[in-house]
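# Generate a structure from the sequence data that follows.
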Amino acid sequence: MAQLSYRRHRFPASIIQHAIWPYLRFTLSYRDVEDLHAERGLDISYETVQRWVLRFGPLIARKLRQRRPRPSDRWHLDEMVVRIAGRRMYLWRAVDHEGEILDMLVQRRRDKRAALRLMRKLLKKQGFAPKLLVTDKLRSYGSAFRHLRLTCPHEQGLRSNNRAENSHQVVRRRERKMQRFKSARSAKRFLSIHAAVHNNFNVQRRLVSRSTLRNLRAEATAQWQAALAAARH
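Numbers count the residues shown, from 1 in each chain. Predicted structure coming up:
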């Protein structure tokens, strides 16, 4: 597997990593990251930040995914409309009941074939079948569910799938900040990286105490640092 190498780069690894970190962690643009570094006296162009994210982001995301524990067996599936290069497309997404992003797929259609492709990809990637599958009332989910002969309960309903609906908000914020995705390929690449980072720092703050939040945040930061260390030579 490829390893991160910061050789032949003008800036040290710590600065490169600190440029990648805020872009993937927060709703910032490349120019925002450039301004943040300019305030610290570092002359880094937004094009450079973009190249760093595209080069190092996928490997860091892969290392983060390898360190994640097994997700919940209660899955929520949903689709959302996205405009890519002026075309109407559908972003199919799967999350567990704790809000962890399991997988995603960009498709041109909203039919059984697209739903079936998402479910097959999800089952192959996770390696186990869910104990509960929750979707909205789109009939394509039911057709795909029966085609795969899944035995778990399949719950359908708009409010039942609020977990998936709420998870779209993060994507919508990034979509607006990026002034929409430029292509299906770039959307898949970015959202795959973003999902790994989001999962690592995903904490239900309203459900935990402040002391627990501090511990979870420290653990997430340690996982991020470990992923960076594991990816280096």
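
# I'd like to know how far the residue of the chain positioned farthest from its centre sits from I15.
In the chain, the greatest distance from the average C-alpha position (CA atoms, centre = their mean) is reached by G41, at 31.4 Å. Distance check for G41 against I15: by CB to CB, to the nearest Å, it reads 11 Å. Heads up, the C-betas are built off the backbone N, CA and C, glycines and all.

# out of everything not next to it in sequence, what's closest to the most centrally placed residue in the chain?
When CA atoms, centre = their mean is applied to the chain, the residue found nearest the centroid is A195 (1.2 Å). Spatial nearest neighbour of A195, chain neighbours left out: I101 (4.0 Å); criterion: CB to CB, 6 or more residues apart in numbering.

# helix, strand or coil for the residue nearest to A13 when sequence neighbours are not counted?
Distance criterion CB to CB, 6+ apart; nearest residue to A13, sequence neighbours excluded, is Y6 at 4.3 Å. Assigned by DSSP: H, G, I helix; E, B strand; the rest coil, the conformation of Y6 is coil.

# Wait, Y6 touches S14, no?
No: Y6 is beyond contact range of S14, at 9.4 Å (criterion: CB atoms under 8 Å).

# which one of these two has more residues nearby?
More crowded of Y6 and S14, by other CB atoms under 10 Å: Y6, with 16 against 10.

# And the more buried one, how close does it get to A227?
The value you get for Y6 to A227, if CB to CB is used, is 15 Å.

# If we go by neighbour counts, what in the host helix or strand of A94 is buried?
Using DSSP states H and E, A94 sits in strand 87-96. Of the residues in strand 87-96, M89, Y90, L91, W92, R93, A94, V95, D96 count as buried by neighbour count, 16 or more other CB atoms under 10 Å.

# How confident was the prediction at L4?
Per-residue pLDDT puts L4 at 68.

# Grab the nearest non-local neighbour of A114.
Q107 (4.1 Å).

# I'd say the one you found and R93 touch.
No: between Q107 and R93 there is no contact under CB under 8 Å: 11.2 Å.

# any chance you could map the helices in the protein?
Using DSSP state H, the helices found in the chain span residues 13-25, 30-39, 46-67, 112-126, 139-148, 162-177, 184-201, 210-231.

# Select, out of those, the one closest to H154.
helix 139-148 (5.1 Å; CB to CB).

# tilt between that closest one and helix 112-126?
60 degrees (axes from the mean of the first three to the mean of the last three CA atoms, to 10 degrees).

# how distant is helix 139-148 from the center of its chain?
Offset of helix 139-148 from its chain centre (CA atoms, centre = their mean, to the nearest Å): 25 Å.

# list the helices and strands it packs on?
Judged by 3 or more CB pairs under 8 Å, 6 or more residues apart in numbering; DSSP states H and E, the packing partners of helix 139-148 are helix 112-126, strand 154-156.

# would you turn these into JSON lines with distance to A184, mean neighbour count and mean pLDDT?
What follows is the helices and strands packed on helix 139-148, written out as JSON lines (distance: least, CB to CB, whole Å; neighbours: other CB atoms under 10 Å; pLDDT from 0 to 100):
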{"stretch": "helix 112-126", "distance to A184": "13", "mean neighbour count": "17", "mean pLDDT": "94"}
{"stretch": "strand 154-156", "distance to A184": "28", "mean neighbour count": "15", "mean pLDDT": "93"}
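
# Nearest to D136, out of the ones you listed?
Here strand 154-156 is closest among these (CB to CB), at 6.7 Å.
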